[in-house]
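Undergrad: missing the sequence, but the structure's below:
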């Protein structure tokens, strides 16, 4: 009786029964491409893992050039299961970026950005950039040699952008060089600015998905597509995926613990053959392959501007390709997507091999 | 009242006049400076000698461009006297104008010493430069022989060259650290040249095989010793038997200090052994290794000590302690490397292993005391540090095992849980199919 009273009390104030009814009504289309629906949820789950493990790491982490490396060393050697938390945080970050890329390409190829889902797409693209920023800022936090030089190279790339490059570089570094000030700044981005922004964007993104429902690919007639209940059918399937993801993360952390490396030393030479994280490798490799001069301009500047331009183009995709009726445009977008995918995969492989 | 146009025209005329005066003044200044400079820098010696066909006579003029004296503003007449402003040979080489000509070999040290021994003069060019080279030269074997009338010995120009003399900091200078040995070898590696003096000529060949030469030539370590670091430069002399340790001790200070307090000191002096060189040789000094100590075939100790004597036993004991530390270090390093390869974080114990490696280095130095007790004082803490490293490595590997076992157990639970959810899903879906079918 007491529980019923409590439920009624809460329902009166929070309209739980309305929400429950809405969730009960939610359905997921069932067709040959349904597998791709799981990657959004998987990305969200891995983000939750990041939040939980990140908070645990915060209990011991010290964001200064004098203490960062030592505190991470302490976490992985002295703190009970600290190694597990730190390794899961690092592996989960990488898996999250991978699932996010898969999610984005699946949405692109299945045309899930068609009206009225333009804002869902835009919030997703913004989340992609936020997650990449998470990766870039978090990579520096252990303050090891590789992270130090990767940040140096990464911020230098920002610095070559005409007009705004140098001020942006100084803003990111907290000065002209990568120092303890950069670390403190990146820590601030990583644990405050980016999580706050990401939370708002995730809320908008998920809310819009609920509002518009799961998109059915235009190649399939919506009426003929079977449906599955979101609760419990799809959610339980999601849950199986999340439980297995925990298993994968545990296995990766136990068998391939994330290395700490050597402490950063500003006076040491950069390690030979230094490469960025895998999700930046295709851009890094492209910049390496570009000639020093393209016509009158610096090859590197042209490359960086081109990547920025492509990033901006991502936002306008749903406004250019708006309808399945235009077969030529559909074909063109498919080709663009395949070329982009092959380019990213190809350049990443070349980056690793060379 | 002037119109605006008239005012502007007047202003333009005044400006042009000012410009013209300024330009004329500048041209006049440049011409004046040029004339003055030409008058000051005239050197008929260079002008004539550089045109001579005989290379013996033209070379000095050509070489002088790179000479440190030329860079400091000196010219031929500052050493040779004469008048560089004269346009004829006779005028330039006029003895009344102090012309000295080419100095005789016997006079060269004094010739250079004219300036280089004058502290007041040298201060003008290089306040930190020594002015005792000439005096020191006459304490050298070269100087003593020269004084006795032997002109085949080295003088200033033999080592520093002549007319193309470069600063000792110039890598092209014949006395730059990496060129010194070759400069000395010009005479000392010539068997024919040295025959008259009754000394060997294999020093350079031997030196090239030494650890010092490897450091100098291969590692480009300019602090590595070459000929002059042991023999002196201007006062070049072979070190005496009792002063060898002082020579080596300039760099190997701790070893020399230990040797001086060891029982070997008195024994070596008594037998007229050349201290360091008795075990390490002189020019062909090889990189020391642990084989050199002990009672093995390659040990230098057994050249004097025989089985059973006190020194023989001490050598064996010191070697045994060093070997013990090396063995322990190898074991610890291997286990830590294994743990590191397995992805375990062992950088701290690896760093702490430096205590053990430092102890080994220290023990290798302490053998110069010839005291087992002294060696033991550092080997013991070294062994403790090494054992700690080994234990840390073993703990890391045990932790890895624990993680793998933990993973296996966790995976069983995870798969079991996933299986349970799957079964629940099937149960729900079968009930849905039975009751309501797909939504």
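TA: Good, I have the coordinates. What you see is a predicted model; the values in this text were computed from it and never measured.
Undergrad: Excluding residues flanking it in the chain, which one is nearest residue A:87?
TA: residue A:253 (3.5 Å; C-beta to C-beta, 6 or more residues apart in numbering or on different chains). For every residue, glycine as well, the C-beta is placed using N, CA and C.
Undergrad: any idea which helix or strand carries the one you found?
TA: Element membership for residue A:253, per DSSP states H and E: helix A:235-255.
Undergrad: got the end-to-end distance for stretch A:218-231?
TA: In stretch A:218-231, first residue to last residue: 25 Å (C-alpha to C-alpha, to the nearest Å).
Undergrad: With stretch B:94-104 instead?
TA: End-to-end distance for stretch B:94-104, by C-alpha to C-alpha: 19 Å.
Undergrad: contacting residues around that stretch?
TA: B:77, B:79-83, B:86, B:92-93, B:111 (C-beta atoms under 8 Å, 6 or more residues apart in numbering or on different chains).
Undergrad: any idea where the helices of the stretch 151-300 of chain A begin and end?
TA: A:165-173, A:180-188, A:194-212, A:235-255, A:278-289, A:299-320 (DSSP state H, counting those that start in this stretch).
Undergrad: so what secondary structure elements neighbour the fifth one?
TA: In terms of contacts (3 or more C-beta pairs under 8 Å, 6 or more residues apart in numbering or on different chains; DSSP states H and E), helix A:278-289 is packed against helix A:82-109, helix A:118-140, helix A:299-320, helix A:327-353.
Undergrad: if we go to 6 Å?
TA: The contact analysis (3 or more C-beta pairs under 6 Å, 6 or more residues apart in numbering or on different chains; DSSP states H and E) places helix A:278-289 against helix A:299-320, helix A:327-353.
Undergrad: out of those, deepest packed?
TA: A comparison of the helices and strands packed on helix A:278-289 by mean neighbour count, using mean count of other C-beta atoms under 10 Å in any protein chain shown, puts helix A:299-320 on top with a mean of 15.
Undergrad: Between helix A:118-140 and that one, find me the angle.
TA: 150 degrees (axes from the mean of the first three to the mean of the last three C-alpha atoms, to 10 degrees).
Undergrad: next one: helix A:299-320 to chain centre, how far?
TA: 18 Å (C-alpha atoms, centre = their mean, to the nearest Å).
Undergrad: Contacts made by it with the rest, please.
TA: With C-beta atoms under 6 Å, 6 or more residues apart in numbering or on different chains as the test, helix A:299-320 has contacts from A:113, A:118, A:121-122, A:125, A:160, A:283, A:286-287, A:290-294.
Undergrad: Show me the shaky parts of the chain.
TA: Here I'm looking at chain A. Counting by pLDDT under 70, chain A has low-confidence residues at A:1, A:222.
Undergrad: looking at chain B here, not the other one
TA: By pLDDT under 70, the low-scoring segments of chain B are B:1-17, B:19-42, B:435-439.
Undergrad: got the residues of it near chain A?
TA: B:343, B:345, B:403, B:407, B:410-411, B:414, B:417-418, B:421-422, B:425, B:428, B:438-439 (C-beta under 6 Å from any C-beta of the partner chain).
Undergrad: sorry, back to before: relative to residue B:418, how far out is the residue nearest to residue A:87?
TA: To residue B:418, residue A:253 is 18 Å away according to C-beta to C-beta, to the nearest Å.
Undergrad: again with residue B:326
TA: Per C-beta to C-beta, residue B:326 is found 53 Å from residue B:418.
Undergrad: Check residue A:72 too.
TA: 32 Å.
Undergrad: Comparing these two, which residue is more hemmed in?
TA: It is residue A:72, of residue A:72 and residue B:418, that has more neighbours when counted by other C-beta atoms under 10 Å in any protein chain shown, with 24 against 18.
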